[in-house]
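How does the following fold in three dimensions:
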Amino acid sequence: MLSSPAAQKTAPAAVGVSGLCCGYPGVEVLKSVSFSVEKGEFVGILGPNGAGKSTLVLALSGIIPAAKGRIEIFGTGLDRLNLKERARRMAVIVQDGDIRFPFSCREIVEMGRYPHKKRWQMDSVSDFEAVEKALALTDTAFLADRPISAVSGGERQRVFMAKSIAQQARILLLDEASSAMDVHRKLRMFSVLDELNRSEDLTVLAVLHDVNLAALFCRRLIFLKEGVIEADGPTDEVLTEEVLEKIYQTRVIVQEVNGASRKQVIFLP
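You can find the predicted model right below:
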């Protein structure tokens with residue numbers, strides 16, 4: 001029996017960006033940017049300083065409006081989603097979360113449960129379990145009772161990572177969210193994201209400066225330069241010397257690394 005036309009419709013993309021132009025008063029940063037990210041993808045967004053990466057994060061977060069174009073989250077226009085609805089669909093981790101009051105680290109992580117609660121609702125068993133899981137995954141349980149103002153920059157980033165994991169959104173958007181972590185912690189955090197991506201179909205968009213970190217974990221790369229997309233595709237296809245030299249204006253060597261089964265990049269002076 002043939003299925004109905006409605007049944008034949010494909011699921012909407014997790015993130016759909018079409019003809020996006022935006023920026024700041026008197027300055028257009030993103031210039032007709034278009035791309036889509038399917039549910040369960042792990043995508044790295046890279047490019048030199050001033051390419052428009054952070055502006056794209058702000059636009060996807062709804063913090064700055066689109067001058068032209070459209071952003072959809074699972075098929076619904078971003079402008080049609082209220083704050084709680086956005087937070088249930090997408091969690092955002094920025095480089096340095098601006099929390100001035102000395103909340104405990106556990107309280108910060110518990111804030112991730114806000115989108116799932118009604119006003120004055122007490123924590124449920126599922127809230128408690130989500131927080132404990134997030135603390136364990138990010139190895140921040142030992143920080144739980146410390147004020148967020150009394151931890152290091154790398155620890156602070158891990159706490160905010162835990163908050164976003166506890167949020168249990170379907171999309172995780174990171175803006176240089178591991179920049180203050182040491183190498184071990186950075187690799188550990190991206191390994192956790194990789195596991196959540198594969199086991200729970202979490203969609204991950206990671207804005208990064210570290211090309212080699214992106215090459216290890218992201219299965220697709222989008223390169224921005226001067227507000228436009230210069231390259232977009234599977235990591236093995238776009239991580240080439242030709243593409244990188246065009247984007248970063250410097251000589252590079254791209255090589256396979258024994259034991260890593262992924263390409264890595266050496267930038268040359």
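
tell me the phi and psi of E155?
Main-chain torsions, E155, degrees, to the nearest 10: phi -70, psi -40.

tell me the pLDDT at it?
pLDDT for E155: 95.

Count the neighbours of the closest residue to it other than its chain neighbours for me.
Spatial nearest neighbour of E155, chain neighbours left out: L143 (6.0 Å); criterion: Cβ to Cβ, 6 or more residues apart in numbering. Just so you know, the C-beta spots here come from the backbone N, C-alpha and C atoms, and that holds for glycine as well. By other Cβ atoms under 10 Å, the residues close to L143 number 24.

how far is the host helix or strand of A134 from where the chain is centred?
Using DSSP states H and E, A134 maps to helix 125-137. A distance of 20 Å separates the centroid of the chain from that of helix 125-137, by Cα atoms, centre = their mean, to the nearest Å.

Nearest to the spatial middle of the chain, which residue is it?
Residue closest to the average C-alpha location in the chain (Cα atoms, centre = their mean): L173, at 2.3 Å.

Tell me which residues touch the residue nearest to E155, please.
For L143, the contact set (Cβ atoms under 8 Å, 6 or more residues apart in numbering) comprises 105, 151, 155, 158-159.

in a strand, that's where V29 is, yeah?
Yes: per DSSP: H, G, I helix; E, B strand; the rest coil, V29 lies within a strand segment.

any idea how far the residue lying closest to it once chain neighbours are set aside is from I229?
Ranked by Cβ to Cβ, 6+ apart and with sequence neighbours excluded, the top spatial neighbour of V29 is G23, at 3.7 Å. Using Cβ to Cβ, to the nearest Å, one gets 16 Å for the distance from G23 to I229.

Next: I108.
34 Å.

hmm, back to that, now the helix holding A134: buried residues?
127, 130-131, 134-135, 137 (16 or more other Cβ atoms under 10 Å).

and which of those is nearest E72?
Proximity of the buried residues of helix 125-137 to E72 (Cβ to Cβ) peaks at A130, which lies at 26.6 Å.

what about the spatially closest residue to that closest one that is not a sequence neighbour, which helix or strand?
Leaving aside its sequence neighbours, A130 sits nearest to A166 (Cβ to Cβ, 6+ apart; 4.7 Å). Using DSSP H and E, A166 falls within helix 153-167.

what does R88 give?
helix 83-89.

so the helix holding A166 versus helix 125-137, what angle?
For helix 153-167 against helix 125-137, the angle by axes from the mean of the first three to the mean of the last three Cα atoms, to 10 degrees is 150 degrees.

Give the next helix or strand downstream of helix 153-167.
Remark: after helix 153-167, the chain's next helix or strand is strand 171-175, criterion DSSP H and E.

State the mean pLDDT of the helix holding A134.
Here the average pLDDT along helix 125-137 is 96.

Show me what it is packed against.
Under the contact definition 3 or more Cβ pairs under 8 Å, 6 or more residues apart in numbering; DSSP states H and E, helix 125-137 sits against helix 105-110, helix 153-167.

quick one: contacts of it?
Helix 125-137 has contacts (Cβ under 8 Å, 6+ apart) with 106, 109-110, 112-113, 116-117, 141, 144, 162-163, 165-166, 168, 192, 196.

try 7 Å this time
By Cβ atoms under 7 Å, 6 or more residues apart in numbering, the surrounding residues in contact with helix 125-137 are 109-110, 113, 141, 144, 162, 165-166, 168, 192.

Same question for stretch 259-267.
Stretch 259-267 is contacted from outside by 211-212, 215-216, 236, 239, 244, 250, 252-257, using Cβ under 7 Å, 6+ apart.

From the residues you listed, pick the one nearest K31.
Out of these, the member with the shortest distance to K31 (by Cβ to Cβ) is L244, at 21.4 Å.

what pLDDT does that closest one get?
98.

List the contacts of the nearest residue to it once chain neighbours are set aside.
Nearest residue to L244, sequence neighbours excluded (Cβ to Cβ, 6+ apart): V252, at 4.6 Å. Taking Cβ under 7 Å, 6+ apart, we find V252 in contact with 241, 244-245, 265-268.
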